[in-house]
Structure formats: C-alpha cells, structure tokens
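Participant: Everything below, folded, please.
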Amino acid sequence: NGRLPVAAVAPPGGHQEGNGLAGVRAYESSVELGALAPASPPQAMPPRRGGGLKHSASEANLAQLEPAQNKGPIALGLGTALMLVDLQPVYWSECAAVQEAFPQLPANVAGLLTAARSAGSEVIHVRAAYTREQCPWLPHFERLNPGRKQYEVFPEAIEPWAAPLPGETIVDKDTFGAFVHAPDLAPSMRARGVHTVVVAGLITSVCVQHTVFGAFNAGFRVAVAHDACGDRSMERHKAAIRLYGGDMYEVVGEEGDVGG
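Facilitator: This next block holds a predicted model:
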C-alpha cells in the first residue's frame, strides 16, 4: 500500500540515555509520573482460548490485562511506551499559531523523551504521511480547511528535538489515528510487553486524540502528557483534554491538571 512498515525495536539494553540537547530539564511530575521510577516488568498474560491475541483492536481481550497494570501512578519504564505524534515542521516550526501558544513544547517533549529512554520505555514515533494518492479524505479536508499553505505532508521531515534513535519504532500513518491502518501495531506492542501508552505530540484535538482512541480501543492503559502536546490555540488544547481526559485516558504532566 506504499506506507513504510513498522520498524524494528531495539531491546531494552539498546536504549541510549539522553538526547544530547543542552539545557533540557528532566521530565518529572509531582502528580502522576512521580520520580519516573521504572515500572515493574509486565506479567505474562494467560493464553487465550483458540490461539493468540487477534489482530483487530475492536476484538482486544481486555480480560487478559493484568489488574495491577491498571492501578497506581503512570510510570515510565518497561511495559510503558512513549508514543510521539506528528512532531513535524508543518505542525510546529512552520506553524506560528502553535509556537505562540506552546513555546515550551520542544523542551517539554525533549525532556520527556530523555526520561523515557533513560527508564527503558519503548519509544514509538508516529509521523503524518499524507498524499493525495494515499489519502482519499484529503480533498474533503482541503475543501473544509481552505487557505492553508500545505495539505500534503511527508514523513521524512521531523523536528530535531524529537528525532528517532536507531532501533526505535516508526509508524507512518495515512490518516489521523496511528492504529487505523496499522493492524499489526497493537499486537506487536503487546507482544513486546507493552501495557501502558503515554501519548504526546501534535495536534492535541486531532491526531493526538485519534491516536489515543486507537490505543484505548486496543486495550492499553493510556495517558496524555498534556504539557508535551500542542494545538493551534490553548483553548482548543484545553477543550480537547477536558472532553475525554478522565474518560478514555489519564492526564499527566509536570503541571498536573490541565488548568482553567
């Protein structure tokens, strides 16, 4: 179908500490993320009758998730994946509205990314790959959003403060949600022991939310790092978080609640 396959993932020992960015503080939360203590290794799941997990998110067997994985604070480490969504120039360095509303986004994302790598979390980079040949919805998007400088988005362009390291997973999506046309994504994550997903990136009300929905529907415990996300205005960002935060996902971040 022309989309790049999901890349191989480095084993826990293959993660590199830090990302070489000077002045980026460690991502610590006094609320949910605590001191970023590594999570306990995930427990083996009991076998499912009639074979392994099905590859459809809608048929995820939630009963197989260990109850302990749904309790306590969200913690980076083994069993938790950090999923970064659409940290590409078209949504950040070429989008003045997002930069103005979220000036601390690069530092917050880079700090979270450093902490995740140091803790041994799997890191998954989700990239927009929107072309007229691959995306039947794109003409409708253009009609509904006239006046934009760019409609096609190519995945190779990435912000340097969120660049993947060798061995980290890359998912190129052709619609708003990372799980929609990637039937093997959730099973492959679960096969590597992932039970919790922390999502950050751009745009909060669009591709972040759609990716969160896919992770939730696949049976993962999901959290949104709200201060490592951004939108075209703070009002849109807060409205999106309030709409589903606490309902489909937990909200975490350095500043705790999303605020008034």
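Participant: which residue sits closest to Asp227, ignoring its sequence neighbours?
Facilitator: Gly253 (4.0 Å; C-beta to C-beta, 6 or more residues apart in numbering). The way it works is simple: take the backbone N, C-alpha and C, and place the C-beta from them, glycine included.
Participant: what's the burial count for the one you found?
Facilitator: As a burial measure, Gly253 scores 23 neighbours (other C-beta atoms under 10 Å).
Participant: Ala228 is in contact with that one, correct?
Facilitator: Yes. With contact defined as C-beta atoms under 8 Å, Gly253 and Ala228 form a contacting pair (7.0 Å).
Participant: re earlier: quick check: pLDDT value at the residue nearest to Asp227.
Facilitator: At Gly253, the pLDDT value in this model is 88.
Participant: now swap in His140 and tell me
Facilitator: With respect to pLDDT, His140 scores 89.
Participant: would it count as being in a helix?
Facilitator: Yes. If the criterion is DSSP: H, G, I helix; E, B strand; the rest coil, then His140 is within a helix.
Participant: what sits against it?
Facilitator: Contacts for His140 (C-beta atoms under 8 Å, 6 or more residues apart in numbering) come out as none.
Participant: what about it, distance to Pro155?
Facilitator: Applying C-beta to C-beta, to the nearest Å, the value for His140 to Pro155 is 21 Å.
Participant: Ok, Arg242 next?
Facilitator: In terms of C-beta to C-beta, Arg242 sits 30 Å off from Pro155.
Participant: So which of the two has more stuff around it?
Facilitator: Pro155 (20 against 13).
Participant: contacting residues for the more buried one?
Facilitator: Leu4, Gln88, Arg127, Ala128, Ala129, Asp172.
Participant: which one of the residues you listed sits closest to Gly246?
Facilitator: Ala128 (27.3 Å; C-beta to C-beta).
Participant: Tell me the spatial nearest neighbour of the closest one, not counting adjacent residues.
Facilitator: In space, Ala128 comes closest to Val153 once its chain neighbours are excluded; the distance is 4.3 Å by C-beta to C-beta, 6+ apart.
Participant: The one you found: how many residues sit nearby?
Facilitator: The burial count for Val153: 19, using other C-beta under 10 Å.
Participant: Could you do Asn217 as well?
Facilitator: Asn217, neighbours per other C-beta under 10 Å, totals 18.
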